[in-house]
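Participant: Next one to model:
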Amino acid sequence: MIIRKSIKIEITISIICLVFCMQISELPARNGSNPFIENSTVTVSDSRISQIQILALDESDAEARDKILYTKSMNCTSWVDFLKLGSMASTPKYSDAIYLQGINKSNGIAQAIYMSQKVINDQNREEAIILSTSFAVSSFDYIILARLEKEPAKSKIAYMGLSKCRTLEEVMYLGSIVTDPGIRDEFAKKAMQLAKSKSDLDMVSRLASSSSLKSLILQKKDSLSSDSSAYRNRKIKMAEINAKFGVNIHDDTETGEIWTYEQLLWISETLETLPQDFINKTSEILPAVFESPTLLGTTSRKRSIDSTTNQTVSSPPVIRMYAMGRRIKEEFKGALVHEMAHAFQFQTEGIENAWAKMFWPKLPDIQNSHHSERPKTSSVSEYGNASPREDFSESARMFWENPEKMKTMYPDRYKFLRERVFGTEF
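Facilitator: Sure thing, here's the model as predicted:
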């Protein structure tokens, strides 16, 4: 199934590239009909271009002429004007500079790619392709852009397109272009989250570079077998956590994402250290599809209108952990406590306002995730300075991870959390 789709993607991309090259090859050097030029809004008239050309020809020195063309190009506002002036310049230094300016005036990815291919210097060409990525709207755009470059730029551009990939086929195809081992592993992480079968995971394993990631892929492959010991052990551990702590830990049936046994152990170890009153504010924890190495977790709740009271009501918060972004146990645990602190905020009346009133200069709109003001005294981390809500969760994390340091450096925050959140010292 996956192989067939990959072949279709390969054929589709080849056809797109072929048609694109056929179209741009017919572009006249200066005048004539062309689909890219006809769709452009020419804001510098042909007579103006001619005047610039005549002015440039007055100079006998080629570089001096090209400098005039480059200087005049700064007044251009359309892609076609830059294309014309760039073709008039005879030295790569100035023609490249004109084309690089013109990329920003493109009306889409096709024009940006065409302009970038006019650039002569290799370093400038790489910069031109990077500029063209601002017009990319899908993973297929990044596939085309990456295939135009050499390493290391090719891997860099492909990685920029990872966030645009929505299916396993897209991740695998774009990832296959990459040669950098570290970036290939990032693609393999996301592909692993999207894999739904053993055959899918076999393909992902071939994409992965590091032995540790290959080992994780093998663990997930074993976990998909209902007759395997790994599958049974996972189910037993989830049931134990649910029974002991009252937290609903389960695989995500909607996305197909599953917990590894190791991750379940980390969750259990973390909950063992936390007060039950704090744990009770968390009702559900799910594994989430990997999105970005910097995204650790999210806590969300759905809002609806009660038909009888016409009041806004919120469902219990759901924590989603992006486990594949962090294979370090302590980082996973700290992120979990941070998200559980968000759940505590959502489920404890008045706690958000009390925190904001004490540590922020004015009471903010706590519904906003970011706040324009800074706290009265710096939070425990730069991320905590973003808003009262993140300040609270980052402080809770530090209270759990390093209570002695927090007690010394942030005594007021420490006291608030000990008395109103955790009810104890760690």
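Participant: before we move on, what SS does the closest residue to Ser283 other than its chain neighbours have?
Facilitator: Excluding its sequence neighbours, the residue lying closest to Ser283 (C-beta to C-beta, 6 or more residues apart in numbering) is Pro316, at 4.2 Å. Where C-beta positions appear, they are placed from N, C-alpha and C, glycine not excepted. Put simply, Pro316 is coil when judged by DSSP: H, G, I helix; E, B strand; the rest coil.
Participant: all numbers from here: first residue = 19
Facilitator: OK, 19 is where the count begins now, so the last one is Pro334.
Participant: dump the residue contacts of Pro334.
Facilitator: Residues near Pro334 by C-beta atoms under 8 Å, 6 or more residues apart in numbering: Ser301, Glu302, Arg319, Gln365.
Participant: Phi first, then psi, for it.
Facilitator: phi -60, psi 140 (degrees, to the nearest 10).
Participant: I'd assumed Asn122 was in contact with Phe153.
Facilitator: No: Phe153 is beyond contact range of Asn122, at 9.5 Å (criterion: C-beta atoms under 8 Å).
Participant: I'd like to know which elements the helix or strand that contains Asp99 is packed against.
Facilitator: Using DSSP states H and E, Asp99 sits within helix 97-106. In this structure, helix 97-106 packs against helix 53-56, helix 64-75, helix 80-91, helix 110-121, helix 127-134, with contacts taken as 3 or more C-beta pairs under 8 Å, 6 or more residues apart in numbering; DSSP states H and E.
Participant: re earlier: neighbour count: Phe153 and Asn122, which is higher?
Facilitator: Using other C-beta atoms under 10 Å, the more surrounded residue of Phe153 and Asn122 is Phe153, with 18 against 14.
Participant: Tally up the residues packed near Trp418, please.
Facilitator: Trp418 has 23 nearby residues by other C-beta under 10 Å.
Participant: ok now do the closest residue to it other than its chain neighbours, which residues does it touch?
Facilitator: Excluding its sequence neighbours, the residue lying closest to Trp418 (C-beta to C-beta, 6+ apart) is Val355, at 4.8 Å. Neighbour list for Val355: Thr288, Leu292, Ala414, Arg415, Trp418, Glu419 [criterion: C-beta under 8 Å, 6+ apart].
Participant: Would you format those residues as TSV with pLDDT and distance to Val398 included?
Facilitator: Below are those laid out as TSV (pLDDT from 0 to 100; distance: C-beta to C-beta, whole Å):
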residue	pLDDT	distance to Val398
Thr288	97	19
Leu292	97	18
Ala414	97	9
Arg415	97	8
Trp418	97	12
Glu419	95	10
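Participant: nearest to Phe263, of those residues?
Facilitator: Comparing the contacts of Val355 against Phe263 with C-beta to C-beta places Leu292 closest, at 8.7 Å.
Participant: now the nearest residue to Ser399 once chain neighbours are set aside, what's its secondary structure?
Facilitator: Residue nearest to Ser399 in three dimensions, not counting chain neighbours: Glu412, with 4.8 Å by C-beta to C-beta, 6+ apart. Assigned with three-state DSSP, Glu412 falls in the helix class.
Participant: give me the number of residues near Glu412?
Facilitator: With other C-beta under 10 Å as criterion, Glu412 counts 22.
Participant: And Tyr279, how close does it get to Phe377?
Facilitator: Look at Tyr279 and Phe377: by C-beta to C-beta, to the nearest Å, they are 40 Å apart.
Participant: picking up where we left off before, and which of the contacts of Val355 is nearest Leu314?
Facilitator: Arg415 (10.3 Å).
Participant: residues contacting Ile297?
Facilitator: So Ile297 contacts Phe263, Gly264, Val265, Leu289, Met358 (C-beta under 8 Å, 6+ apart).
Participant: For it, report the pLDDT, please.
Facilitator: pLDDT, Ile297: 96.
Participant: rank the helices and strands packed on helix 97-106 by pLDDT, which is bottom?
Facilitator: helix 53-56 (a mean of 36).
Participant: Do a quick rundown of the strands in this structure.
Facilitator: Counting by DSSP state E, the chain has strands at residues 266-267, 302-305, 315-318, 321-323, 330-332, 336-339.
Participant: Mind putting the ones you listed into a markdown table with mean pLDDT?
Facilitator: Listed next are the strands of the chain as a markdown table, based on pLDDT from 0 to 100:
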| stretch | mean pLDDT |
| --- | --- |
| strand 266-267 | 95 |
| strand 302-305 | 93 |
| strand 315-318 | 90 |
| strand 321-323 | 71 |
| strand 330-332 | 71 |
| strand 336-339 | 93 |
